[in-house]
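J.: Please work out how this folds:
(chains A and B)
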Amino acid sequence: MIYAASPFAIGLFIAFVLSVLGISSYFAKKTQSSKGYYAAGGTIHWGVNGIAFAGDYLSAASFLGICGMIAFDGYDGFLYSIGYLAGWVVALFVVAEPLKRFGKYTFTDALDYKFGSKGIQLTAAISTLVVSLCYLVPQMVGAGDLVTPLLGFPHYVGVIMVGAIVIFIVATAGMTSTTYVQFIKGGLLIVFSTILTICVFNNGISKKPSENYHEFKALKAVAAGGAITAVEDTSYKIAGEFKDKKGQFVKLEKDGINSWWKAGEKNGAPVLEEALSLTTRADGTKLYNGEPKEARKFFQVGSASKIIVDGQEVDKTGGLGPFQFLETLESSEIVRFGKAAISDGKDKVSVFYQNPTSGKDIMRPGLKFKVDKGSDFMSKLNFVSLMIALFFGTSALPHILIRYYTVPSPKDARKSTIVAIGSIGFFYILTLFMGLGAMVSGVIDLESSNMSAPLLAKYFGTALFAIISAIAFATVLGTVSGLIVAASGAVAHDLMSNFLGIEMTDQGQVKAGKISAVVVGCIAILLGILCKGMNVSFLVGLAFAVAASANLPAIIMLLFWKKTTSKGIAASIVVGMVSALGMILLSPSTYADIYGLPATQAPIPLDNPGIISIPLSFITLVVISLVTQKQAK
Amino acid sequence: MAHGPTTQWGEDKASEYKSKLGVYLFIFYTLVYAGFIIINVVSPKLMGVKVIAGLNLAGVYGFGLILLAIVMGLIYNYLCSQKEYAVNK
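T.: Next comes the predicted model:
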């Protein structure tokens, strides 16, 4: 769809960016040592660090991706919130204090603290880089998605802007400026998400969310032999027909403009229900409902088709409390949209058709992750695998782990984790209300689920939209900064200084870190542009799977199994990383979304590798450690 | 080798206690989390059953897992702080 930039939003965005740059410049003068650059001197207060954890962790995936997934698929999106938060339990109870006790600047330091092994230094550094890049891509994609409605620029401009600002933040004051940017962003995100959620409650649920909400037409039709042969309204002419397992779709032409309709039945008579379409022509140009983007015919959607309150059907509810909101939604029927991919001659058409869905189905798992209707063994295994990866992934993310080095002691590491769990948990509860609010407020842009939360804010006024968009943009800045610090630490500290043994002065280490940050930032920009259009939460889910497979078994076994050897750790990292990445690259989702091939051709039937790659990594560590016991002695 | 923490702190005689407590709490939470996954896979319709305040089991269990993490975190911190105070005087 097309967006109009708001001067207020632009002003707010510029003010925020200037503040961030100001903070970075201020701390740059104070950050001359490697201890200051990589660990903020280890002097950050646990309360500040806890909110900075939230700022680091609540990424574009959490805010844009989860809200978007809930807006499109209901409770299934909330599963990510549950899994992401549950992962913090592992971090608190198992990882937080030991990591602070044993590490210095990077995750690799903690793994290698008693071995001094080149194998661990190399494999853990590579794993840090791979996980960081997997995580960076969705953040950059989210940045591009945001800049279009906020500033009116194309996607790639947003990616380049975020990359440039973040490179400046990290290259000036490293972890110190990153911490304060994340602290401010984390606080703002939680406060304004709360305000947005309160607006959702006050607004309630309505069949017609706004005055200009598009009313979808239904045309009476004539069918013969399973085909649509005529339309009662003679101003429409049948221009094509397509059938697949998702239904029967008809292309109609009126006044030289093509539109797509889904064939159905009403009171036993055939009807054509209006759909939205996105046509990509052979020359790459796109048509939205048969017209150029500027015609603004690709309407925002999402509304209730039936609202039940106390057993009575109503047109609107008025203000609702949190539990009433969920209860009413569960009793109602919501118009979601399905998607069918059609080849129309040389044109590729995505048809978005109305799919009225019972609130009961929306409010429990099953619309996206097949665990009930239409499920099979593999779909259930996929679900279990995803939930395992989310649970074990958090405490294995390098950019999260390095935040433990910024506080003075293990006790502070523990306390900051609890602040993080409280603030992040509260935010994740809000995601359910924001996502469902977007689902029924007529704000969904079917071209991009990631825009659901900012567009929900726009529904409540330009001011809130500008603030939420600026915060969402800041969200990306905060998380990307943390990722680039982690990646630059892996290159400069783990690889150059420790693995290669390059002698560097303290200032030389800072310089190497800054140069690494610039290089990683440039790679992130490139990947962010190339991966436009992917759902950011899906991509982060994959990053979690790699982190959980490559890093977590090594951390857990190092802490709790005395026979763990350096070779066992290095081997488990390699096996976990390669198996997780390999399975992802050969998965049905990658085949369909990345390679453009039928998902059924994928050699591995699982989308989420965790259930295989995590145990495989554990087994590798145990076997190799047992085999290398004598060498270790 | 540039290892070792960035800051220094006193000896922590409570670390073994905290580690054990952490493992017990982790196991407890993991079992509750596993219960959520198992219900979804084995008996997904159960998730639609209304439980309390008009919410179905999916809602109650989902919110419950988030709130449980917060409450267990606070309990863990309280017990750890008490132990630290007692043995690190």
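J.: Look up the closest residue to the residue of chain B found nearest chain A, ignoring the ones flanking it.
T.: With Cβ to the nearest Cβ, the shortest gap between chain B and chain A falls at B:G54, namely 3.2 Å. For glycine as for every other residue, the C-beta is placed from the backbone atoms N, C-alpha and C. In space, and not counting its chain neighbours, B:G54 is closest to A:E327: 3.2 Å by Cβ to Cβ, 6 or more residues apart in numbering or on different chains.
J.: what does A:P270 give?
T.: Leaving out its chain neighbours, the residue that sits closest to A:P270 by Cβ to Cβ, 6+ apart is A:A223, at 4.2 Å.
J.: Let me see the contact set for that neighbour.
T.: A:A223 makes contacts with A:229, A:263, A:270, as judged by Cβ atoms under 8 Å, 6 or more residues apart in numbering or on different chains.
J.: Show the contacting residues for A:S25.
T.: Listed by Cβ under 8 Å, 6+ apart, the contact partners of A:S25 are A:T172.
J.: after whatever helix or strand it lives in, next one along is what?
T.: Secondary-structure assignment from DSSP states H and E places A:S25 in helix A:7-28. On the C-terminal side of helix A:7-28, the closest following helix or strand by DSSP H and E is helix A:34-39.
J.: Might you list the low-confidence residue ranges for chain B?
T.: Scanning chain B for pLDDT under 70 picks out the ranges B:1-9, B:89.
J.: Pretty sure A:R403 sits against A:A52.
T.: Yes. Between A:R403 and A:A52 there is a contact under Cβ atoms under 8 Å: 6.7 Å.
J.: Give me the common contacts of these two.
T.: A:T179.
J.: For the chain, just list every one of the strands.
T.: Went with chain A since none was named. Secondary structure of chain A, counting by DSSP state E: strands at A:218-224, A:227-231, A:237-244, A:247-254, A:257-266, A:269-274, A:276-280, A:286-288, A:303-309, A:312-314, A:333-344, A:347-358.
J.: hmm, I had chain B in mind actually
T.: Counting by DSSP E, one finds strands in chain B at the ranges B:50-52, B:55-56.
J.: Within the sheet, what are the partner strands of the shortest one, with directions?
T.: Strand B:55-56 has these partner strands in its sheet, going by DSSP bridges: strand B:50-52 (antiparallel).
J.: so how far is the strand it pairs with from its chain's centroid?
T.: Strand B:50-52 has its C-alpha centroid displaced from the chain centroid by 24 Å (Cα atoms, centre = their mean, to the nearest Å).
J.: and what of stretch A:199-208?
T.: The chain centroid and the centroid of stretch A:199-208 are separated by 26 Å under Cα atoms, centre = their mean.
J.: Stretch B:30-41 now?
T.: For stretch B:30-41, the distance from its own C-alpha centre to the chain's C-alpha centre is 15 Å (Cα atoms, centre = their mean).
J.: buried ones in that stretch?
T.: Across stretch B:30-41, burial judged by 16 or more other Cβ atoms under 10 Å in any protein chain shown covers B:30, B:32-33, B:36-37, B:39-41.
J.: Next up, the contacts around A:A413.
T.: When contacts are taken as Cβ under 8 Å, 6+ apart, A:A413 is in contact with A:46, A:96-97, A:99-100, A:404, A:407.
J.: Take these and lay them out in TSV including neighbour count and pLDDT.
T.: Putting the contacts of A:A413 into TSV (neighbours: other Cβ atoms under 10 Å in any protein chain shown; pLDDT from 0 to 100) gives the following:
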residue	neighbour count	pLDDT
A:W46	21	94
A:A96	28	86
A:E97	25	85
A:L99	25	84
A:K100	28	82
A:Y404	29	88
A:V407	29	90
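J.: Now render the strands of chain A as TSV, adding distance to A:V162.
T.: Below are the strands of chain A laid out as TSV (distance: least, Cβ to Cβ, whole Å):
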stretch	distance to A:V162
strand A:218-224	43
strand A:227-231	47
strand A:237-244	38
strand A:247-254	38
strand A:257-266	35
strand A:269-274	37
strand A:276-280	26
strand A:286-288	25
strand A:303-309	33
strand A:312-314	44
strand A:333-344	28
strand A:347-358	27
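J.: Which among those strands is found nearest to A:A71?
T.: If you check each of the strands of chain A against A:A71 by Cβ to Cβ, strand A:333-344 wins as the nearest, at 9.2 Å.
J.: Now the closest one - C-alpha only, PDB.
T.: Taking Å, rounded to 0.1, in the frame of the first residue of the first chain, the C-alpha atoms of strand A:333-344 are listed here in PDB:
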ATOM      1  CA  GLU A 333     -16.100 -13.900  14.100                       C
ATOM      2  CA  ILE A 334     -13.200 -12.000  12.500                       C
ATOM      3  CA  VAL A 335     -12.500 -11.500   8.800                       C
ATOM      4  CA  ARG A 336      -8.900 -12.600   8.200                       C
ATOM      5  CA  PHE A 337      -7.400 -12.900   4.700                       C
ATOM      6  CA  GLY A 338      -6.000 -15.900   3.000                       C
ATOM      7  CA  LYS A 339      -3.500 -15.700   0.200                       C
ATOM      8  CA  ALA A 340      -3.500 -17.600  -3.100                       C
ATOM      9  CA  ALA A 341      -0.600 -17.400  -5.600                       C
ATOM     10  CA  ILE A 342      -1.800 -17.400  -9.200                       C
ATOM     11  CA  SER A 343       0.100 -17.400 -12.500                       C
ATOM     12  CA  ASP A 344      -1.900 -15.400 -14.900                       C
END
